[in-house]
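> Dropping the sequence and predicted coords here.
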2 protein chains.
Amino acid sequence: MAEETGFHASNDLPVTRPRESEENGLSVMDTETINHHNDSISPVIPGWFSEISPLWPGEAHSLKVEKILFQGKSDYQNVMVFQSSTYGKVLVLDGVIQLTERDECAYQEMITHLPLCSIPNPKKVLVIGGGDGGVLREVSRHSSVEKIDICEIDKMVVDVSKQFFPDIAVGYEDPRVKLHIGDGVAFLKAIPEGTYDAIIVDSSDPIGPAQELFEKPFFESIAKALRPGGVLCTQAESIWLHMHIIQDIVANCREIFKGSVKYAWTTVPTYPSGVIGFMLCSTEGPVVDFKHPVNSIDANGDQIKSRGPLKFYNSEIHAAAFCLPSFAKGVIDSIGK
Amino acid sequence: MAEETGFHASNDLPVTRPRESEENGLSVMDTETINHHNDSISPVIPGWFSEISPLWPGEAHSLKVEKILFQGKSDYQNVMVFQSSTYGKVLVLDGVIQLTERDECAYQEMITHLPLCSIPNPKKVLVIGGGDGGVLREVSRHSSVEKIDICEIDKMVVDVSKQFFPDIAVGYEDPRVKLHIGDGVAFLKAIPEGTYDAIIVDSSDPIGPAQELFEKPFFESIAKALRPGGVLCTQAESIWLHMHIIQDIVANCREIFKGSVKYAWTTVPTYPSGVIGFMLCSTEGPVVDFKHPVNSIDANGDQIKSRGPLKFYNSEIHAAAFCLPSFAKGVIDSIGK
């Protein structure tokens, strides 16, 4: 069915027009509407998807498109899936690459295991965003976990992932997972204080539906929803591109989180500048030393059996992720606690 | 003068034709010839430079061009310099980005200080390739160094760097530097055994003039030219893109170098996949533990005064560079010594 709604990328794009469809509850837009919403393949390179954004002016990463598998517009954003020629299937929201099958392991494993391996026996975990299910897949490797809530604002992202990315959406199959479709900010306000051991915020960039997830009131709600010594890990942009955004996030977090506040980063080739960072914070209570994981996932044989081995994360790379280049270390260290 | 030989990138490229020029001994090609040599801006995105290569099929990184400052063809390769809109000036060889002013610090500092900080008091250093002078700039921060030889095959790279990248070519101003224009393979053969404490190979990719620098006879010559317990650091591609090339390099080096053989990597946004790796090897003799630097450059006040502070390298990031993602660690560790 998915195949039928796609169209072939070729040099005469965007003349080719995809068939309108409401199959699987997913509405498909025509190419002209998509272009109007700045979520097109190839206004610039025919047959390629180019990622151009004011968040990384003057540069663009492009992937060759074999076939567009899905284009839709939800209440929140444009959603596109295409088959690339060398990075597997690719999920794009509002023109920005969210994941590719080839390198998603780096992001999903790091954003999940950096916080969960930093505390002993995490039991209750909340994921905000992360509708594709990749973070759920990684959380579910932890056998101590009893309850996994996920609050994703955009049901289309969940549906598209289940249809096109079964190896990622597999996270939803875990019986510990409960999906809440709704606004993360509102969801958090209704949560009793001290509920979670860990909260993972897997958001898109701070332009569009994710904007509030980078602001102070949101971090305050997170801190309240965590138990004493509980941990937050949130996507926190690129040290090469967004030091001004990172400075604000660090300053906010140092004010709100009375435990540990650390910045970590990893390589993801299809993200702008090739890196993505994470803000790791703990609330007042049992001390969390993020640089020295206390909970080794590497040796967890059971979870490897059901999910396959980890591709990226290990205890060494966990510790290394907190070592920053001097230009970033200088700025981050100088932000008063 | 440089300004006069350039032309403005605009939407009607490549119709605009640069003026022929032989100023400064640098010959400038017309646009059609350049396009023929696959070293053009924008056959695909007007006004942008796109890096497309069989070494990274299906993806392209593009930078917006403000102005082309130089285009020439040497005996070995096409050489281009352009002013980008957000990454400063950019040096391109045979269509591949070699450096940008914005992120060159990561590559130059890591390829230099990883080997030189791993041994006490390096005195004699050889650089092969690295005609831009950036590695020289970094080597010259080490006050123990008495002699810096550099063997670059392409004089045009040296001349272009001196003209357009003064903050990089500044490395040539150090009186300890002696420039040899010629083939690195031949140069090494004429070197008495055990001459150098450290050899740094700052090559382009193994397609084109640098091909031999990835082959076994070359590594054998390197090992001979190093003193016992001397160190090699060579550019060694991307773990995301070139594991097959890396496997060959590691296998060759494990056979030839009887000391330590380790792979390290760092982030460089404008290199394909956003990372670049380094092969670090030591010859039989005093043991070299690459992961634990013995020679701290961070605290070297004198060299910071003359060259400005380090932007990227520090002792923590030195150690972190040797921590590999599981997918790469598994492959590299499995290659027998």
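Thanks, I have it. It should be emphasised that the depicted structure is a prediction, and the values quoted were computed from it without experimental measurement.

> Would you confirm that A:Ile119 contacts A:Gly229?
Yes - at 7.1 Å, A:Ile119 and A:Gly229 qualify as touching, with contact defined as C-beta atoms under 8 Å. Any C-beta I mention is one placed from the backbone N, CA and C, and that applies to glycine too.

> ok, the two, which is more surrounded?
The residue with more neighbours, out of A:Ile119 and A:Gly229 and counting by other C-beta atoms under 10 Å in any protein chain shown, is A:Ile119; that gives 22 against 17.

> so who does the more buried one touch?
A:Asp197, A:Ala198, A:Gly229, A:Gly230, A:Val231, A:Val288, A:Val294, A:Asn295 (C-beta atoms under 8 Å, 6 or more residues apart in numbering or on different chains).

> what does A:Asp183 give?
Listed by C-beta under 8 Å, 6+ apart, the contact partners of A:Asp183 are A:Cys151, A:Ile153.

> what's it sitting at in phi/psi?
Here is the backbone geometry of A:Asp183 (degrees, to the nearest 10): phi -80, psi 120.

> how near is it to A:Gly130?
Taking C-beta to C-beta, to the nearest Å as the measure, A:Asp183 falls 14 Å from A:Gly130.

> Tabulate the contacts of A:Ile119 (a markdown table), appending distance to chain B and pLDDT.
Below are the contacts of A:Ile119 laid out as a markdown table (distance: C-beta to the nearest C-beta, whole Å; pLDDT from 0 to 100):
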| residue | distance to chain B | pLDDT |
| --- | --- | --- |
| A:Asp197 | 25 | 98 |
| A:Ala198 | 22 | 98 |
| A:Gly229 | 26 | 98 |
| A:Gly230 | 27 | 98 |
| A:Val231 | 21 | 98 |
| A:Val288 | 20 | 98 |
| A:Val294 | 18 | 95 |
| A:Asn295 | 17 | 90 |
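
> Now rank those residues by neighbours and give me the top one.
If you count neighbours using other C-beta under 10 Å, the busiest of the contacts of A:Ile119 is A:Gly230, which has 30 neighbours.

> what helix or strand does that one sit in?
Secondary structure from DSSP states H and E places A:Gly230 in strand A:226-235.

> Now that strand: buried residues?
Across strand A:226-235, burial judged by 16 or more other C-beta atoms under 10 Å in any protein chain shown covers A:Leu226, A:Arg227, A:Gly229, A:Gly230, A:Val231, A:Leu232, A:Cys233, A:Thr234, A:Gln235.

> what's the answer for stretch A:78-90, then?
Neighbour counts over stretch A:78-90 (16+ other C-beta under 10 Å) mark A:Asn78, A:Val79, A:Met80, A:Val81, A:Phe82, A:Gln83, A:Ser84, A:Ser85, A:Tyr87, A:Lys89, A:Val90 as buried.

> before we move on, the earlier item: what is in contact with A:Ile119 and A:Gly229 at once?
Residues touching both A:Ile119 and A:Gly229 comprise A:Val288, with contact defined as C-beta under 8 Å, 6+ apart.

> contacting residues for the closest residue to A:Asp75 other than its chain neighbours?
Counting by C-beta to C-beta, 6 or more residues apart in numbering or on different chains, the nearest residue to A:Asp75 once its immediate chain neighbours are dropped is A:Asp154, at 7.4 Å. Applying C-beta under 8 Å, 6+ apart, we find A:Asp154 in contact with A:Ser74, A:Asp75, A:Tyr76, A:Gln77, A:Val79, A:Gly131, A:Ile181, A:Pro209.

> Now those residues in JSON lines, please, with extra columns for secondary structure and pLDDT.
As requested, the contacts of A:Asp154 are exported to JSON lines (DSSP: H, G, I helix; E, B strand; the rest coil; pLDDT from 0 to 100):
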{"residue": "A:Ser74", "secondary structure": "coil", "pLDDT": "97"}
{"residue": "A:Asp75", "secondary structure": "coil", "pLDDT": "96"}
{"residue": "A:Tyr76", "secondary structure": "coil", "pLDDT": "94"}
{"residue": "A:Gln77", "secondary structure": "coil", "pLDDT": "94"}
{"residue": "A:Val79", "secondary structure": "strand", "pLDDT": "96"}
{"residue": "A:Gly131", "secondary structure": "coil", "pLDDT": "98"}
{"residue": "A:Ile181", "secondary structure": "strand", "pLDDT": "98"}
{"residue": "A:Pro209", "secondary structure": "coil", "pLDDT": "72"}
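
> Any chance of a ChimeraX selection covering the buried ones in those?
Listed next is the ChimeraX selection for buried residues among those, using 16+ other C-beta under 10 Å:
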select /A:74,76,77,79,131,209
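
> ok, so of the contacts of A:Asp154, who is nearest chain B?
For chain B, the closest of these turns out to be A:Val79, at 21.8 Å, with distances computed as C-beta to the nearest C-beta.

> Quickly list what the closest one is bridged to.
Beta bridges link A:Val79 to A:Gly72, A:Leu93 when assigned by DSSP bridges.

> what about the residue nearest in space to the middle of chain A, distance to B:Val268?
Geometric centre of chain A, nearest residue: A:Asp202, 3.6 Å, by C-alpha atoms, centre = their mean. Distance, A:Asp202 to B:Val268, by C-beta to C-beta: 26 Å.

> cool, A:Lys147 as well?
The span separating A:Lys147 from B:Val268 equals 42 Å under the rule C-beta to C-beta.

> same thing with A:Phe187?
Distance, A:Phe187 to B:Val268, using C-beta to C-beta: 39 Å.

> Give me the phi and psi for the closest residue to chain B within the stretch 101-250 of chain A.
For the stretch 101-250 of chain A and chain B, the shortest gap (C-beta to the nearest C-beta) falls at A:Trp240, measuring 5.0 Å. The phi and psi values for A:Trp240, taken as degrees, to the nearest 10, are phi -80, psi -30.
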